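Peer 1: Here is my input, please return the structure:
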Amino acid sequence: MKEIDCTDAIFTRFINGDGDALRELLSLYGLKLVLFINRYVNNLSVAEELMEDTFCEIVLEPKRFRREATVKTYLFTIARNKAIDYVRREKKHSSLPIDEAENMLADELRLEERVIKDEQKRELLSAMKAIPEEYSSVLHLLYFEELSYAEIGLIMKKTVKQIGNLAHRARLSLKGELERRGFVYEDL
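Peer 2: Alright, predicted model coming up:
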């Protein structure tokens, strides 16, 4: 059974009151959402909180999902919106000393490196952080989450054509960044 078909069935069970279904959704998408959100907020603790907020939203408003997209797309859309809202709020209220912020970021990067053991993936993720955020997001959704252009378009509020163009520019940007670092990633 495809992941998407399975996810839709799990979500239907959740709406019908099956408590185990929410745990299954969390198991399937929790870590993926944390890593996706972390691209926006650069703080794993905050990313975990925003992932929890994402799941709280579907618990509190399960009927909001209208099945216009897949459950996966719906979750990533909520997560992206929560991340963007968080970044906007933080820009207005940023009062963390720069040294403390650098120390926190360094700690979180070390934790992320332990999660990502494969050297090629680590280099790829590092290069993705160096390219524009929009490029990084579209590549993450396309390759790590294996979403279609249509699904990514829903998440990023763009047309399929815009996503295609954005993905093309993102690949070129990532390829250039990897080459600048002396690394050639064969799957680009």
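
Peer 1: Pull the number of nearby residues for residue 14.
Peer 2: Number of residues near residue 14 (other C-beta atoms under 10 Å) recorded here: 21. Backbone N, C-alpha and C define where each C-beta goes, glycine included.

Peer 1: what sits against it?
Peer 2: Neighbour list for residue 14: 21, 22, 25, 58, 62 [criterion: C-beta atoms under 8 Å, 6 or more residues apart in numbering].

Peer 1: Tell me the confidence at residue 52?
Peer 2: pLDDT recorded at residue 52 is 93.

Peer 1: Which helix or strand contains it?
Peer 2: According to DSSP states H and E, residue 52 maps onto helix 44-60.

Peer 1: Now tell me what touches that helix from outside.
Peer 2: 14, 22, 25-26, 30, 33-35, 37-38, 41, 64-65, 74-75, 78-79, 82-83, 86, 108, 111-112.

Peer 1: Among those residues, the buried ones, what's the ChimeraX command?
Peer 2: Restricted to buried positions by 16 or more other C-beta atoms under 10 Å, the ChimeraX selection for these reads:
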select :14,22,25,30,33,34,35,37,38,41,65,74,75,78,79,82,83,86,108,112
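
Peer 1: hey, where'd the helices end up in the chain?
Peer 2: Secondary structure of the chain (DSSP state H): helices at 3-15, 19-41, 44-60, 71-93, 98-115, 119-130, 133-139, 149-156, 160-180.

Peer 1: Which positions within the third one qualify as buried?
Peer 2: Spelled out, it's helix 44-60. Quick answer for helix 44-60 (16+ other C-beta under 10 Å): 44, 46, 47, 48, 49, 50, 51, 53, 54, 55, 57, 58.

Peer 1: now it, how far from the chain's geometric center?
Peer 2: 12 Å (C-alpha atoms, centre = their mean, to the nearest Å).
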